[in-house]
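> build the 3D model from these lines:
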Amino acid sequence: METVNLTMLTDFYELTMANGYLKNGIGDKIAYFDMFFRNVPDGGAFAIMAGVEQLIQYLKNLKFEDEDIEFLRNKGIFSEDFLAYLKDFQFCCDVWAIPEGTPVFPNEPIVTVRGPVIQAQFIETMVLLTINHQCLIATKANRIVRAAQGRAVMEFGARRAQGYNGAILGARASYIGGVAGTSCTIADREFGMPALGTMAHSWVQMFPTEEEAFRAYARSYPDNCVLLVDTYNVLKSGIPNAIKIFKEEVLPRGYRPGGIRIDSGDLTYLSKRAREMLDEAGLEDCPIVLSGSLDEYVIKDILEQGAAVDSFGVGERLITSKSEPVFTGVYKLVAVEEEGQIIPKIKISENVNKITNPAFKKPWRLYDKETGKAIADVLTTHEEVIDENEPYLLFDPEHTWKQKKVSNFRARMLMEKIFDKGVPVYKSPDLKEIRRYCQEEIATLWEEVLRFKNPHEYWVDLSKPLWNIKQRLLKEHSAVEDLNNNNL
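Here you go, the predicted structure:
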């Protein structure tokens, strides 16, 4: 796709803070920021990482144009020194990210940025925008795919997406999450994901009769003839006409029926009757596609009710994640460098869920060597290494009495470096590889974690040294607050 300069797609306060950092002589101070999320959409246990490739493209193309500089000058609040800095802007941060397709969990860093605070702070909006959106859609897609129980799911949502980037990148994210293809043609051209589709109701309406419409389509596409049978009446005309055309136009040409699609009505009942009618006509191998306001909850229900269905087309409820359309990713300062030392920083809140995990960290995933299943994730300080040859003590960071000693495990460091001093160093996998990797990693999760309702809470633990740092900072800030209160 044509690269668009999105440098100015930022919250205005990122610019005012950057100007302020420069004025106060700390623009070059090295800062560490983590992106993480607080809650999984739809009450699930995990999300799917996505959007890293688009983040890389954004960071590679950071550049302030002359018109950007002039626009900011006309705001009247930015110093000429700051505008000169922007004119010569060159991204020089280190960036790490968890690879796309990885199941990720609340409160663990999924992107980490290290560099001059004036830069690391500035990119916050686009880091969040890029990763939040694709994580949201990939996660929703994966829920829908799992609900389909092995049946193919096609993404049909382009016309209901929030803008064209929502459609294009939403299609990409949904493919990572496991859909088989998309109706969005440009997503096929750009990303190589299969573009799929047959006809709309308007095709049927354009011909004098439904039979003539089906016949014209079958003659045009005998090798992939999927007929939409609910324009008028599914059981009285749609299925009988489809059977007639399959026998008269498709079979004589040496092809098998591509399928029928039902887009409205009682999908469970109609699909069961359609299956009976097709089977009676000797078309036992004719697939049935269901579409129309579907999501994981509807799909789960109609399958439990015995729907006869081979694949699904899912649109607006996937591409917009309609049931919960916000991904709760945040971007927080976790450390700064002073005289070569990394100084941890923490944000404290009366809302415990908003207290951050400080320090420059590494997220690890521990896998049981016998079962291959993921045991837990562990956040350590950047200097720590988890020794697979020694038993490791896991403990709940909030309820420390909940402990478990594990052995015979494999430890995998989740983060990959994607930029080194502003230079891209990561080769993004092919989208099909990402999709396959996602499926493999989800297979490492226990069934209890995969549940839609009340899933088991997967452990994301802190190492003992990291937990000690967090407790020390909490106590230090508490002591300062007590001192201030006593002086009132």
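> V111 versus Q134, what's the distance?
From Q134 across to V111, the span is 12 Å (C-beta to C-beta, to the nearest Å). Backbone N, C-alpha and C define where each C-beta goes, glycine included.
> what helix or strand is M277 on?
helix 267-280 (DSSP states H and E).
> repeat for W364
Taking DSSP H and E as the criterion, W364 maps to strand 361-368.
> ok, and what's touching that strand?
Strand 361-368 is contacted by residues 34, 98, 108-109, 112, 334, 373-382, 384, 386, 392, 394, 406, 408-415, 444, 466 when judged by C-beta atoms under 8 Å, 6 or more residues apart in numbering.
> which phi and psi does R436 have?
phi -60, psi -40 (degrees, to the nearest 10).
> looking at it now. What's its pLDDT?
Looking at R436, its pLDDT stands at 98.
> ok, it - how many residues close by?
14 (other C-beta atoms under 10 Å).
> that one and I176: what is the separation?
Counting by C-beta to C-beta, the gap from R436 to I176 is 10 Å.
> over to M193?
9 Å.
> and those two? Which one has more around it.
I176 (29 against 23).
> just confirm that one is within a helix.
Yes - if the criterion is DSSP: H, G, I helix; E, B strand; the rest coil, then I176 is within a helix.
> now the contacts of strand 361-368: which count as buried?
Among those, those classed as buried by 16 or more other C-beta atoms under 10 Å are 34, 98, 108-109, 112, 334, 374-381, 384, 386, 392, 394, 409, 411, 414-415, 444, 466.
> tell me which of these fall in strands.
If you go by DSSP state E, these have 34, 112, 334, 374-381, 392, 394, 409, 411 in strands.
> quick one: which of those residues is nearest L22?
Nearest to L22 among these: V334, at 22.1 Å, using C-beta to C-beta.
> per-residue pLDDT, the closest one?
Looking at V334, the pLDDT reads 98.
> isn't D223 up against E249?
No - the pair D223 / E249 is not scored as a contact, 11.5 Å apart, by C-beta atoms under 8 Å.
> please say which of the two ends up with more neighbours.
Neighbour count, other C-beta under 10 Å: between D223 and E249, E249 has more, with 19 against 10.
> got a list of what the more buried one touches?
Taking C-beta under 8 Å, 6+ apart, one finds R215, A218, R219, P222, C225 in contact with E249.
> give me phi/psi at it?
Torsion angles at E249 (phi, psi; degrees, to the nearest 10) stand at phi -120, psi -30.
> before we move on, what about K405?
Note on K405: its backbone torsions stand at phi -100, psi 130 [degrees, to the nearest 10].
> ranking by neighbours, what's the top pick from the contacts of E249?
Neighbour max across those (other C-beta under 10 Å) = C225, 26 neighbours.
> quick one: residues contacting the residue nearest to the spatial centre of the chain.
In the chain, the residue lying closest to the centroid (C-alpha atoms, centre = their mean) is C135, at 1.7 Å. For C135, the contact set (C-beta under 8 Å, 6+ apart) comprises F37, A47, I48, M49, A50, G51, V104, I110, A173, F327, G329.
> export the residues you listed to TSV and tack on distance to A187 and secondary structure?
Output for those, formatted as TSV (distance: C-beta to C-beta, whole Å; DSSP: H, G, I helix; E, B strand; the rest coil):
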residue	distance to A187	secondary structure
F37	25	strand
A47	21	strand
I48	17	strand
M49	19	coil
A50	14	coil
G51	15	coil
V104	23	strand
I110	23	coil
A173	10	helix
F327	20	coil
G329	23	strand
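> just curious, which of those is nearest to K402?
The closest of those, once distances to K402 are taken by C-beta to C-beta, is V104, at 21.8 Å.
> so F452 sits in a strand?
No - read with three-state DSSP, F452 is coil and lies in no strand.
> which residues are in contact with each of M193 and I176?
L431.
> residues making contact with the helix or strand that the helix holding M277 is followed by?
Remark: after helix 267-280, the chain's next helix or strand is strand 288-291, criterion DSSP H and E. Around strand 288-291, the neighbours that count as contacts under C-beta under 8 Å, 6+ apart are 154, 156, 226, 259-263, 267, 271, 274-275, 278, 302, 307-315.
> again, only using 7 Å
156, 226, 259-263, 267, 271, 274-275, 307-313 (C-beta atoms under 7 Å, 6 or more residues apart in numbering).
> filter those residues down to the ones in helices?
L267, S271, A274, R275 (DSSP state H).
> what about the last one, how many neighbours?
Looking back up the chat, that one is R275. Residues near R275, counting by other C-beta under 10 Å: 20.
> nearest residue to it in space, please, no chain neighbours.
A308 (3.6 Å; C-beta to C-beta, 6 or more residues apart in numbering).
> wait, doesn't the one you found sit right on K272?
Yes - at 5.0 Å, A308 counts as touching K272 under the criterion of C-beta atoms under 7 Å.
> next, count neighbours for V117.
22.
> measure P222 to W446 for me?
Separation of P222 from W446 (C-beta to C-beta) stands at 46 Å.
> distance of the residue nearest to the centre of the chain from M277?
If you go by C-beta to C-beta, the gap between C135 and M277 works out to 43 Å.
> for the stretch 351-488 of the chain, just list every one of the helices.
431-442, 447-450, 464-486 (DSSP state H, counting those that start in this stretch).
> least confident of the ones you listed, on average?
Among the helices of the stretch 351-488 of the chain, helix 464-486 scores lowest, at a mean of 81.
> okay, buried residues for stretch 349-357 please.
I355, T356, N357.
> reformat these as CSV; add distance to V234 and pLDDT.
Below are the buried residues of stretch 349-357 laid out as CSV (distance: C-beta to C-beta, whole Å; pLDDT from 0 to 100):
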residue, distance to V234, pLDDT
I355, 55, 94
T356, 55, 96
N357, 54, 97
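> for the residues you listed, which one is nearest K87?
Taking C-beta to C-beta as the measure, K87 lies nearest T356 of these, at 34.1 Å.
> run the chain-centre distance for the strand holding W364.
Taking C-alpha atoms, centre = their mean, to the nearest Å, one finds strand 361-368 lying 20 Å from the centre of the chain it belongs to.
> ok and it relative to strand 409-413, angle-wise?
With axes from the mean of the first three to the mean of the last three C-alpha atoms, to 10 degrees as the basis, strand 361-368 and strand 409-413 are set at 150 degrees to each other.
> what angle sits between strand 361-368 and helix 431-442?
Using the same axes, to 10 degrees: strand 361-368 against helix 431-442 is 60 degrees.
> so what strands line up beside strand 361-368?
strand 374-381 (antiparallel), strand 409-413 (antiparallel) (DSSP bridges).
> can you put those in TSV and add distance to G43?
As requested, those are exported to TSV (distance: least, C-beta to C-beta, whole Å):
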stretch	distance to G43
strand 374-381	19
strand 409-413	27
